[in-house]
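Student: please work out how this folds:
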Amino acid sequence: MHKKSLTIIVNKAPPHVTKEHHRVLAFHTAPTREKDSRKRVVITGMGVVSVLGNDVDIFHQRLLAGENGITLIDKFDTSNLPTTFGGQIRDFCSNVYIEGKNDQRVDDSHRYCIIAGRKALEDAGLGVCERSKIDKERAGVLVGTGFGGLSSYSDTVESFIESGCRKRKYVFSPYVINTAPALLAIDIGFMGPNYAISAACATSNYCLCAAANHIREGEADLMISGGVEASFVPFGVASLAATTAVSRRNHDHQTASRPWDKDRDGFVIGEGAGVLIMESLEHAMRRDAPILAEYLGGAANCDAYHITNPQPDGFGVSSCIQSSLLDAGVSIEEVNYINAHATSTVAGDVAEAKAINNVFKNTKELKVNATKSIIGHCLAAAGSIEAIATIKAIQTGWLHPTINQFNLEPQVEFDTVAITKQQYEINVAISNSFGFGGHNSVVAFSAFKG
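Tutor: Here you go, the predicted model:
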């Protein structure tokens, strides 16, 4: 990431952190944005697989309408599970993009990744013929996941218990590990950097930051980046629900995902994939690509506090936000919209609100909404799907509502775009994603201004 001049301000540290470690970053000089077209990173295409559909424009329209994507799970029997609902994708068809034999073999997480990736390429004007004109050795894929091939793992374990190792329907290893980016690269022939990052629910933003840095460092011209998760198998839902971070509002599932509401009881499990095409400005302009937005910068850090709970004072989050702005060359005053992590957990929502209050002293000027209120928490895919929602807001000037807000937490001092969409001109937007283990990640976007 780019180095910029900064001042270190020491605040009062919580008990588990020494004073030397508890630092807040502030700009020493006015921030400056990157001007080198080889290092500026732009977004030229987007692809989504979600509970609201697999077309970015339709996805955004349904977000604006506040159309609730949470339903009862019908993929398997939930009668013995503490949570029986979520943002489950239905009627998903992948055989248009994936050849029949391979379609039967791969995991849902691979299907979601390949289709979101192919759709993003099409959106970027990179169909089969156009892809042949770019240097594939300088085009990479970086798509992360938390669980990996969960369905493949579950099916194989069940088969092994029932029949031993003699009866295995498919080859196990390549499809249970995080091979989604490799399978996408094989499908399209991209030979540049290729790997998956796994950082729990902060995964997508980690991937976006890393992909951008490959471009900034001159290692790639173009990166496909984002996150994917296919979490709806019985032990996947059961294991998440066992953490008590998941809502158990089975009697009223459509209002269960209620960020910042006093009566929230946990997040709602979702799934899907979000993929961005990230290019150097120089490369995008050379091929006359459509430029949807500019990636300004990002950052990642760790609370180093607890495996599931955030630091109560939100320090890790606030320092991550400030580091992302430093990397982006953006002042605090320039940010006027945040797509919040806002999962609807008891501790997490308050910690994030405290962090936002600490960084942005004039929070009355901020618009802050919660995509998860509508589609649930898509885990490793959450950040990239929310990045797409953020970029569509920048493009269209419309913010989707935060639904299910009945009784707002008093710590929330910003406009949460409650209930109804709002028209709004975004200057600089940031998108927050945090995960188990204390993983924090923040990315910043703006309209491309030449």
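Student: is the closest residue to Gly218 other than its chain neighbours in a helix, a strand, or coil?
Tutor: Of all residues not flanking Gly218 in the chain, Arg38 sits nearest, at 6.8 Å (C-beta to C-beta, 6 or more residues apart in numbering). Bear in mind the C-beta positions are built from the backbone N, C-alpha and C, glycine included. The three-state label given to Arg38 by DSSP: H, G, I helix; E, B strand; the rest coil is coil.
Student: count the neighbours of Arg38 for me.
Tutor: Per other C-beta atoms under 10 Å, the neighbour tally for Arg38 reads 13.
Student: what separation is there between it and Val56?
Tutor: Distance, Arg38 to Val56, using C-beta to C-beta, to the nearest Å: 28 Å.
Student: could you do Gly314 as well?
Tutor: Distance from Gly314 to Val56, by C-beta to C-beta: 31 Å.
Student: doesn't Asp349 fall inside a helix?
Tutor: Yes. Counting by three-state DSSP, Asp349 is found in a helix.
Student: residues near the nearest residue to it once chain neighbours are set aside, how many?
Tutor: Leaving aside its chain neighbours, Asp349 sits nearest to Trp260 (5.2 Å; criterion: C-beta to C-beta, 6+ apart). Residues lying near Trp260 (other C-beta under 10 Å) number 26.
Student: got the phi and psi for Trp260?
Tutor: With angles defined as degrees, to the nearest 10, Trp260 sits at phi 70, psi 0.
Student: got the CA positions of stretch 357-375 in PDB?
Tutor: Taking Å, rounded to 0.1, in the frame of the first residue of the first chain, the C-alpha atoms of stretch 357-375 are listed here in PDB:
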ATOM      1  CA  ASN A 357     -18.700   8.000  15.800                       C
ATOM      2  CA  ASN A 358     -15.000   8.200  16.800                       C
ATOM      3  CA  VAL A 359     -13.700   8.600  13.300                       C
ATOM      4  CA  PHE A 360     -16.400  10.900  11.800                       C
ATOM      5  CA  LYS A 361     -16.900  13.600  14.300                       C
ATOM      6  CA  ASN A 362     -19.800  15.100  12.400                       C
ATOM      7  CA  THR A 363     -21.900  12.000  11.900                       C
ATOM      8  CA  LYS A 364     -25.000  14.000  11.200                       C
ATOM      9  CA  GLU A 365     -23.600  14.500   7.700                       C
ATOM     10  CA  LEU A 366     -23.200  10.700   7.000                       C
ATOM     11  CA  LYS A 367     -25.600   8.300   5.300                       C
ATOM     12  CA  VAL A 368     -25.000   4.700   6.600                       C
ATOM     13  CA  ASN A 369     -27.100   1.800   5.400                       C
ATOM     14  CA  ALA A 370     -27.100  -2.000   6.000                       C
ATOM     15  CA  THR A 371     -27.400  -4.300   3.000                       C
ATOM     16  CA  LYS A 372     -27.600  -7.300   5.400                       C
ATOM     17  CA  SER A 373     -31.000  -6.100   6.600                       C
ATOM     18  CA  ILE A 374     -32.400  -7.200   3.200                       C
ATOM     19  CA  ILE A 375     -30.300 -10.200   2.100                       C
END
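Student: just for the stretch 51-200 of the chain, where's the confidence low?
Tutor: Confidence mapping of the stretch 51-200 of the chain against pLDDT under 70 gives the ranges 101, 103, 152-153, 164-176.
Student: and the residue nearest in space to the middle of the chain, how far from Asn339?
Tutor: With distances taken as C-alpha atoms, centre = their mean, Gly383 lies nearest the centre of the chain, 1.0 Å away. Distance, Gly383 to Asn339, using C-beta to C-beta: 9 Å.
Student: quick one, strands of the stretch 351-450 of the chain?
Tutor: In the stretch 351-450 of the chain, the strands defined using DSSP state E, counting those that start in this stretch lie at 367-369, 398-399, 422-423, 428-435, 439-446.
Student: for Arg287, find the nearest of those strands.
Tutor: strand 439-446 (21.3 Å; C-beta to C-beta).
Student: against which helices or strands is the closest one packed?
Tutor: helix 203-216, strand 293-302, helix 315-328, helix 382-396, strand 428-435 (3 or more C-beta pairs under 8 Å, 6 or more residues apart in numbering; DSSP states H and E).
Student: what is the neighbour count of the residue nearest to the residue nearest to the centre of the chain when sequence neighbours are not counted?
Tutor: Leaving aside its chain neighbours, Gly383 sits nearest to Ser204 (3.0 Å; criterion: C-beta to C-beta, 6+ apart). Residues contacting Ser204 under the criterion other C-beta under 10 Å number 38.
Student: and stretch 345-357, which residues are buried?
Tutor: 345, 348-357 (16 or more other C-beta atoms under 10 Å).
Student: in TSV, list those along with distance to Thr179 and pLDDT.
Tutor: Formatted as TSV, these follow (distance: C-beta to C-beta, whole Å; pLDDT from 0 to 100):
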residue	distance to Thr179	pLDDT
Thr345	31	97
Gly348	30	97
Asp349	34	98
Val350	38	97
Ala351	34	97
Glu352	33	98
Ala353	38	97
Lys354	39	97
Ala355	35	97
Ile356	37	97
Asn357	42	96
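Student: so what sits against both of Gly383 and Asn339?
Tutor: Shared contacts of Gly383 and Asn339 (C-beta atoms under 8 Å, 6 or more residues apart in numbering): Ser431.
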